[in-house]
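*Asks:* Kindly return the folded structure for what I paste below:
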Amino acid sequence: MRRWAKSAVRRRGGGRGHAARSRRGITLVELIVALIITALIAAAAAATVSQMVRSRNAAAERRAAFQRAERAGMYLLADLREIARDADLLYTRVMVTQTGGNSEILMLVRGERTVRGIDGVPEGGDFEVQYRLDPQGRLMRRIDPALDEAIDGGGVCGF
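*Replies:* This next block holds a predicted model:
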């Protein structure tokens, strides 16, 4: 009967062999499985954080683009309000030209804004303002305080 009891204990995993195995700790397979699970969780967390950073940067770029567009619109509106007018429309200067597939707007503006004067004193009340798109598609604004024959030259470029 004792023989039968010993074999039953061995089959159920009891006895001294089982106790010795549980005292040794975890196996290499268990350690590898735990490391793989940890690596998968870390990779998922890194991908989520990376996506959040990209979304935040894209939102900041859109906000900055809207602010630039709003500022450009305000400048354009102010320049349009200050176009030099005359009773004879022949002397009111607004010119739209086509250069390289892009349209350009050139205006003769009369205003009190400082363009490029010395010590804040403007060079004159009349100046040329030109809007155009650069090769990257950005809106450029050029101000030339001197009314000269070089329509497309000189001045201060902005935006």
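*Asks:* how far away is residue 26 from residue 32?
*Replies:* 10 Å (C-beta to C-beta, to the nearest Å). Yep, even glycine has a C-beta here, placed from its N, CA and C like the rest.
*Asks:* how about the helices in this protein?
*Replies:* 2-11, 15-24, 28-81 (DSSP state H).
*Asks:* Which one of those helices lies nearest to residue 105?
*Replies:* When the helices of the chain are compared by C-beta to C-beta, helix 28-81 sits nearest residue 105, at 8.4 Å.
*Asks:* Quick one: mean pLDDT for the closest one?
*Replies:* The average pLDDT for helix 28-81 rounds to 93.
*Asks:* Which other helices and strands does it contact?
*Replies:* strand 102-110, strand 139-144 (3 or more C-beta pairs under 8 Å, 6 or more residues apart in numbering; DSSP states H and E).
*Asks:* got a list of contacts for the longest one?
*Replies:* So that's strand 102-110. Contacts of strand 102-110 with the rest of the structure, by C-beta atoms under 8 Å, 6 or more residues apart in numbering, involve 79-80, 82-84, 92-98, 125-133, 147, 151.
*Asks:* Mind checking which of those residues are buried?
*Replies:* Among the contacts of strand 102-110, those buried by neighbour count (16 or more other C-beta atoms under 10 Å) are 79, 82, 84, 93, 126-132.
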